[in-house]
Structures are given as structure tokens and as C-alpha cells.
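Sequence plus the predicted model coming up.
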Amino acid sequence: MRLKSSYSSREVAALSGLTARQLQWWDANGIFQSSIASRKTDQGGFTERRYSPMDVLELIALADLRRKGFEPSQLKHLTDTLRDYFRRRLSETLDDAGELRLLTDGKALFLRTRQGHVFDLLVDPMQPMISDGLPMKPVTARAQRSQKAKDKRQK
């Protein structure tokens, strides 16, 4: 994926697997709002919402969690908790380079610190828990392959 300064809803939909309508609904309902909001033009219309590269990365991860069964309200709770309790954006928890790492067992969302403390983000983000034996996998952000790209690979 070539990095750009901003992405249209159509480009984000192609990369994340979300529909343009889902992006619009998520924006309207506060699930995820684009960094570059639409604004009124001199002609009376509106500009298109634009997404930053960090927005795209986060939307790819959120779309993957949505496909795994997490509800939009849980995804909003996740991003709000990361921001309010841990002062982090979702993108800062999607690899092992940072202090915090987002994990899931498919039913819940957890945050692991470098020191090994684990927090259940959807239940009690302030209470560390004992995580021995929980089969948790890292949450990642990988762009969806378009159907054209999939077809080319199969040839």
C-alpha cells in the first residue's frame, strides 16, 4: 500500500472491507470519525470526508474486529478506553514496538503492557488481570485484498 497524505471514503472502503455506508454510519454515530471532516462549500454542498494514514490503519483493524463479531458499540468503547484511560490511539497498540499491545481471544479485547500486565478493555480497564493460559492473539491491521488482486494471484 502506497502511503498518501489522505484517503477518500472509497479508498478506505477498498482497503478495509467496510462499505462507504458503514464508514458514514460509524462517523455519524461516533464510532470512528475521520480526521478530516467534511465541510460546507461555497456552492452549498459538502466536501468528502478524508482519512489520514493513521485513520486507515485503525479502520482496517476495527473492520477486522467487526468481521470477528465485535459490535460497533464495543469498538467505540475500545477506542474511547484507549484514549481516556491509556492516552493512546488504537494505531499505537497494533504492533510490538510500543508500550502497549492490543490482543483478543475472539470474545474480548485485552491490552498487554511491556511489563506483562493485562487489562480487559471491555470490562474493567483499570484492573490488571491474571492472563495465564488465555489463548490471546495480537490484533493487527492488514488491508483487504481486492477481488481483482485475488483473481490475479490465482492465475
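Thanks, I have it. Numbering: from 1, shown residues only.

how about the helices of this structure, start to end?
For the chain, the helices defined by DSSP state H occupy 9-16, 20-28, 53-67, 72-86, 147-154.

Please dump the ones you listed into JSON lines; it should also carry distance to His117, mean pLDDT and mean neighbour count for every row.
No exception for glycine: its C-beta is placed from N, CA and C like everyone else's. Conversion of the helices of the chain to JSON lines gives the following (distance: least, Cβ to Cβ, whole Å; pLDDT from 0 to 100; neighbours: other Cβ atoms under 10 Å):
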{"stretch": "helix 9-16", "distance to His117": "30", "mean pLDDT": "94", "mean neighbour count": "19"}
{"stretch": "helix 20-28", "distance to His117": "30", "mean pLDDT": "93", "mean neighbour count": "15"}
{"stretch": "helix 53-67", "distance to His117": "22", "mean pLDDT": "96", "mean neighbour count": "21"}
{"stretch": "helix 72-86", "distance to His117": "12", "mean pLDDT": "96", "mean neighbour count": "16"}
{"stretch": "helix 147-154", "distance to His117": "40", "mean pLDDT": "48", "mean neighbour count": "9"}
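
Select, out of the ones you listed, the one closest to Ala97.
When these are ranked by distance to Ala97, counting by Cβ to Cβ, first place goes to helix 53-67 at 13.1 Å.

Could you name the helices and strands sitting against that closest one?
Contacts of helix 53-67 with other secondary structure elements, assessed using 3 or more Cβ pairs under 8 Å, 6 or more residues apart in numbering; DSSP states H and E, are made with strand 7-8, helix 9-16, helix 72-86.

which stretch among the ones you listed comes nearest Ala37?
Using Cβ to Cβ as the measure, helix 9-16 is the one of these that comes nearest Ala37, at 12.0 Å.

what's in contact with that closest one?
1, 7, 18-20, 22-24, 48-49, 51, 55-56, 59-60, 62-63, 143-144, 146 (Cβ atoms under 8 Å, 6 or more residues apart in numbering).
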